[in-house]
Structure formats: structure tokens, C-alpha cells
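# need coordinates for the following:
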Amino acid sequence: NMPEKTMLILCSDHGFMEANTALNGNILLKKLGLLKTVKNLDLRSKIALTLAKILPSKIKHRLKYGSAAIIARKIGVAEPFIAGKIPIDYRSSKAYMTVSYNVYVNSELAQDKRVQIKYKILRELRKYEYMLQVLELGNRYFKGPYIHRAPDIIVIPKKGYNITTRLNYRKVVEEGKWYVHSAKGFVAIKTEENFITVLDREIRNYDIAPTILTYLQLPLDLDMDGKSLIKTGKQLKCYKYDTLYKIAKRLRRPR
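Prediction:
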């Protein structure tokens, strides 16, 4: 239904894959005595979590990706499995893992204690390095002026593996099936002349703006980090869009 001379960009900053083995991060921290769970769960949530630990992985997979998941959400038993509502007692826990593969040590602990716990977790995680693409301290993995906000440990799985943070498992490593994100994204660009699908390189969100400007044959910004995903025969000029915007904004400001 697109009219002629329309440009359509479909972009994902990640791809998708199937994983058959998962490292259960918060289960590991719980077994190490570093993670505490909420004690005042309602009976419905307690039963749901207990059943989830007992059920075989194949049944769990069907429940998770089938219509049963919708029913579970409607009757309220899916509450302890939702990423933002995992029943972790964050105040009492010495460490916990978030859904974005980050491990945090409780900031209220003494500095020497935090360092001790951080390296203890790192040593334990090294036992599972065959599953991991990245295992690094946050202040070594990231750079920049806000490094103090970095997680204590970064854990990113290899292709075919998953890292879970939910508490509905018994073992640290579990076999099963998960549909999860992969590191490599994709971009598909449709113009009136052709259809370009870019899958053979790492796609970044900030490649989109220079791609659109190139397509419109407008000058690129000198400060742009991204690169255009389409080629043009013309050499495009570069502008300082930020400077032009500030000038225009000042001129439009009421006196």
C-alpha cells in the first residue's frame, strides 16, 4: 500500500535465535548465599513458582510460548515470572542479576566487602565461560564519564546459549528451549528503485539517520557516529546540524 517514491526502513538493533542451554544467573547467586527472595509472597505465586521448578523443561517451554502463558497472566499466576517483578529482596541481597545480563553488588555494603563479593562471583562465572561471549568487570567493559554507573559484572552469552534471571529453575545450568535475542541485528531498506537487506554486518541504531540523509541526498552531520547503509554516486557535503539548529532556535526565540 506504500505510494511511489516512499522509503521504508525496517530495523532491529538485535536479531533472534533459539537457545537450548541456559545459565540461571540468579539461581547461581542464590546458591552462593548472595541473593535473598521475598518472603511475603501470596499463596498463588508460591504455588506457581514451586510448580515451575518441578516441571520438565519441555513442558515449561510449551507453557511459556503457548496459550497457557496468556491464561496465566490473566489469572495472575504469571506475576513472579515477569522480568520487573521477580521476587528478589533487593535490600537484603548482597548481589543480583538483571534481565539485561548485568550483575550488581549491593551498593550499601562496605567497599572492601563489595570488591570481595564481586571477585567471588567472577570466579564462579568463569566455570561457565564455555557458554559466554563476554565475562568482564563493568568498569573495564565500558568507557566514558559515567563509568561509575556501570554494572559490577557484564555477562553476555554465546550463540545458542541463554542467560536467565528468573527464579523458576532448580539448577544453575538447564537444558530446554528459549527464543531469545542475538547480538547481530538487521536492516531492510525499501526504496522505489530497489530492496536492500543488510544482514552481513553489525547494525547500529545510529546508522539509520545517515542512511536517510544519504537517500534524500542531504548533507551528513560531521559529528555523526553512524555510517550510511546505502551508497550514492554523489559526494555529499557535511554540515554541523547542531550548530545550525542552535542558530535557528536563537533566531526564533521571542525577544
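
# any idea which element the most centrally placed residue in the chain lies in?
Nearest to the geometric centre of the chain sits residue 100, at 4.3 Å (C-alpha atoms, centre = their mean). Per DSSP states H and E, residue 100 falls between elements, in no helix or strand.

# please report phi then psi for it.
phi -90, psi 30 (degrees, to the nearest 10).

# and residue 219, by the same measure?
Residue torsions, per degrees, to the nearest 10, at residue 219 are phi -60, psi 150.

# what number of residues lie near it?
Per other C-beta atoms under 10 Å, the neighbour tally for residue 219 reads 15. For every residue, glycine as well, the C-beta is placed using N, CA and C.

# can you classify the nearest residue to residue 136 once chain neighbours are set aside as helix, strand or coil?
Of all residues not flanking residue 136 in the chain, residue 154 sits nearest, at 5.2 Å (C-beta to C-beta, 6 or more residues apart in numbering). The assignment at residue 154 comes out as strand when based on DSSP: H, G, I helix; E, B strand; the rest coil.

# is residue 154 in contact with residue 133, as I believe?
No: with contacts counted by C-beta atoms under 8 Å, residue 154 stays clear of residue 133, the gap being 10.2 Å.

# which helix or strand lies directly C-terminal to the top helix by length along the chain?
If you go by DSSP state H, the chain has its longest helix at helix 111-125. The helix or strand immediately downstream of helix 111-125 is strand 132-137, counting by DSSP H and E.

# list the buried residues in the next helix or strand after that next one.
Next in sequence after strand 132-137, counting helices and strands by DSSP H and E, comes helix 138-141. If you call a residue buried by 16 or more other C-beta atoms under 10 Å, then helix 138-141 has these buried ones: residue 138.

# next: stretch 29-48.
Of the residues in stretch 29-48, 29-30, 34-37, 45, 48 count as buried by neighbour count, 16+ other C-beta under 10 Å.

# with stretch 51-66 instead?
52, 57, 60, 63-64.

# quick check: closest non-adjacent residue to residue 137.
Per C-beta to C-beta, 6+ apart, closest to residue 137 is residue 153, 6.1 Å.

# which ones are touching the one you found?
Each residue near residue 153 by C-beta atoms under 8 Å, 6 or more residues apart in numbering is listed here: 102-103, 118, 121-122, 125, 135-138.

# list only buried entries from the residues you listed.
Buried among those (16+ other C-beta under 10 Å): 102-103, 118, 121-122, 125, 135, 137-138.

# how about residue 22, secondary structure?
strand.

# what's the pLDDT at it?
Listed pLDDT for residue 22 reads 92.

# what about the buried residues of stretch 29-48, which are in helices?
Those of the buried residues of stretch 29-48 lying in helices (DSSP H): 29-30, 45, 48.

# thinking again about what came up before, any idea how far the residue nearest to the centre of the chain lies from residue 181?
Distance, residue 100 to residue 181, by C-beta to C-beta, to the nearest Å: 10 Å.

# same deal with residue 111?
Distance from residue 111 to residue 181, by C-beta to C-beta: 34 Å.

# of these two, give the one with the bigger neighbour count.
Using other C-beta under 10 Å as the criterion, residue 111 and residue 181 rank with residue 181 on top: 16 against 8.

# hey, what's the more buried one bridged with?
residue 16 (DSSP bridges).

# now do the same contact list for it.
Residue 181 neighbours (C-beta under 8 Å, 6+ apart): 14-17.

# just the pLDDT at the residue nearest to the centre of the chain, thanks.
81.

# for it, which residues are in contact?
Contacts of residue 100 (C-beta under 8 Å, 6+ apart): none.

# all set now, cheers.
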